[in-house]
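Q: show me how the following folds:
(one chain, ligands or ions: 1)
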Amino acid sequence: MNVVALSGGVGGAKLALGLSHCLDAAELTIVANTADDFTHLGLRICPDLDTVMYTLAEISNRAVGWGQQDETWHCLDALSNLGAESWFRLGDRDLATHLVRSEQLQSGETLSDVTTYLCQRLNIAHRLVPMSDQAVSTQVDTDEGRLSFQHYFVRERCEPQVTGFEFEGVESARPSPGFQTALVDSVDNGDGPIVICPSNPFVSVEPMLRLTGVRETLRVSHRPVIAVSPIVGGEALKGPAAKMMSELGIEQSAASVASYYGDLIDGFVIDTLDAELQASIEQIGIPTIVTNTVMVTLADRIQLAEDVLSFAATLRS
Ligand code: FO1
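A: Alright, predicted model coming up:
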């Protein structure tokens, strides 16, 4: 089995963890969105990559999903005293990651190299790679003007009305070597699915699909592409995906996510709460299964991963 999982932050990381419990290290590549990355207080911060990394290392802050457990905030308090920006809450333990990463990047290492190093130090067996080693930066167009992603998401708490997105740098960015290898395998000799985790389709998954050659490779691949809906009962379990849909004039539903991915996907997974949508999604030609996608416990994550893998085995791209 050779499985590729495309993940954003919290929701994606949960399924990635479930998949890591079902598959050997050599059978899984997890690709994390890096279009949310930004430079803050001189440090390179990679929120989705770190959320997946901490989740796989089982050291994530489970209450909020991002950052580390048992976190302290002394540095943030001191920054605040010095009048520095403190809207983006960097914990003391988390800071160590950003310091090591920033130093290694400055000394010429790629983001892929640094990620491999950090994963080794955190005893993560499975392969986690950034979507690209080149910087891609999501800009959110809103009724209050254009905002970089973290300014929109964290500083403005997703309050401005969204009118569109731009992924600066994506035209010239290439998939990272690990992503590229996983994609090539998917054409040549792969047999497992490409899993689009339950992440925000507009800002977490879209940047990965926009990288040079990714969509085209997924189209010619013989492996099934399966997406798990991040929308349950018309709401996003986490983050602004549903709010973005309504502001962009798209109906807030799992069916809209299926239509958004369209012929890119060979299968779709929806929650039991949305069971009545199954027939209409299948009518647009996308085989769909209904299962529990709300991952509260580790057992939920593993069960959803098993459901996705069993579904994949029944599909041909
Ligand atoms: N999200 C917040 O809502 N508030 C924060 O202060 C915050 C800090 C933070 C620090 C490090 C990190 O890796 C992630 C952090 N996040 C924070 C989460 C993150 O910015 C978003 O969840 C993602 O970008 C969206 O996937």
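Q: please count neighbours and contacts with C-alpha atoms only from this point.
A: Will do.
Q: what does this structure have sitting close to the ligand?
A: The chain has residues 8-9, 36, 46-48, 50, 66-67, 88-90, 150, 154 near the ligand, with proximity defined as Cα under 6 Å from any ligand atom.
Q: SS state for the spatially closest residue to Val154 that is not a sequence neighbour?
A: Excluding the flanking residues, the one nearest Val154 by Cα to Cα, 6 or more residues apart in numbering is Phe88, at 6.7 Å. The assignment at Phe88 comes out as coil when based on DSSP: H, G, I helix; E, B strand; the rest coil.
Q: was I right about Phe88 contacting Tyr152?
A: No: contact criterion Cα atoms under 8 Å: Phe88 and Tyr152 do not qualify, at 11.5 Å.
Q: between those two, which one's more packed in?
A: Neighbour comparison, Phe88 and Tyr152: the larger count goes to Tyr152, with 21 against 12 (by other Cα atoms under 10 Å).
Q: so that one makes contact with Pro160?
A: Yes: under the criterion of Cα under 8 Å, Tyr152 makes contact with Pro160 at 7.4 Å.
Q: ok, Ser291 - contacts?
A: Heads up, residue 291 is Thr, not Ser. Listed by Cα atoms under 8 Å, 6 or more residues apart in numbering, the contact set of Thr291 reads Val269, Ile270, Asp271, Thr272, Leu304, Asp307.
Q: same question for Gln104.
A: Val114.
Q: how about 10 Å then?
A: Residues near Gln104 by Cα atoms under 10 Å, 6 or more residues apart in numbering: His98, Thr110, Leu111, Asp113, Val114, Tyr117.
Q: which SSE is it in?
A: helix 92-106 (DSSP states H and E).
Q: list only buried entries from the contacts of Gln104.
A: With neighbours counted by 16 or more other Cα atoms under 10 Å, the contacts of Gln104 contain buried members at His98, Thr110, Leu111, Asp113, Val114.
Q: so what's the first one up against?
A: His98 sits next to Thr39, His40, Gly42, Leu43, Arg44, Ile45, Cys46, Asp50, Leu90, Gln104 when contact means Cα under 10 Å, 6+ apart.
Q: farthest pair within those?
A: Leu90 and Gln104 (19.1 Å; Cα to Cα).
Q: could you measure the closest residue to Leu309 other than its chain neighbours against Ile124, distance?
A: Excluding the flanking residues, the one nearest Leu309 by Cα to Cα, 6+ apart is Pro193, at 7.5 Å. Here the criterion is Cα to Cα, to the nearest Å. By it, Pro193 lies 22 Å from Ile124.
Q: SS state for Thr163?
A: Using three-state DSSP, the structure places Thr163 in strand.
Q: give the contact list for it.
A: Val140, Asp141, Thr142, Asp143, Gly145, Arg146, Met244, Glu247, Leu248, Gly249.
Q: would you agree the third one is in contact with Phe165?
A: Yes: with contact taken as Cα atoms under 10 Å, Thr142 and Phe165 are classed as touching, separated by 8.9 Å.
Q: where along the stretch 201-317 of the chain do the strands fall?
A: Along the stretch 201-317 of the chain, counting by DSSP state E, counting those that start in this stretch, strands occupy 225-228, 231-232, 235-236, 267-271, 288-291.
Q: residues contacting the residue nearest to Leu309?
A: Per Cα under 10 Å, 6+ apart, neighbours of Pro193: 1-5, 186, 221-226, 266, 308-309, 311-313, 315-317.
Q: ok, now with 6 Å
A: Residues near Pro193 by Cα atoms under 6 Å, 6 or more residues apart in numbering: Val3, Arg223, Pro224, Val225.
Q: now Ala242
A: Contacts of Ala242 by Cα under 6 Å, 6+ apart are Glu235, Ala236, Gln252.
Q: measure it to the ligand for me?
A: Distance from Ala242 to the ligand, counting by Cα to the nearest ligand atom, to the nearest Å: 14 Å.
Q: strands along the stretch 1-150 of the chain, start to end?
A: Going by DSSP E, counting those that start in this stretch, the stretch 1-150 of the chain shows strands at 3-7, 28-32, 38-40, 43-45, 127-130, 137-142, 145-148.
Q: many thanks, have a good one.
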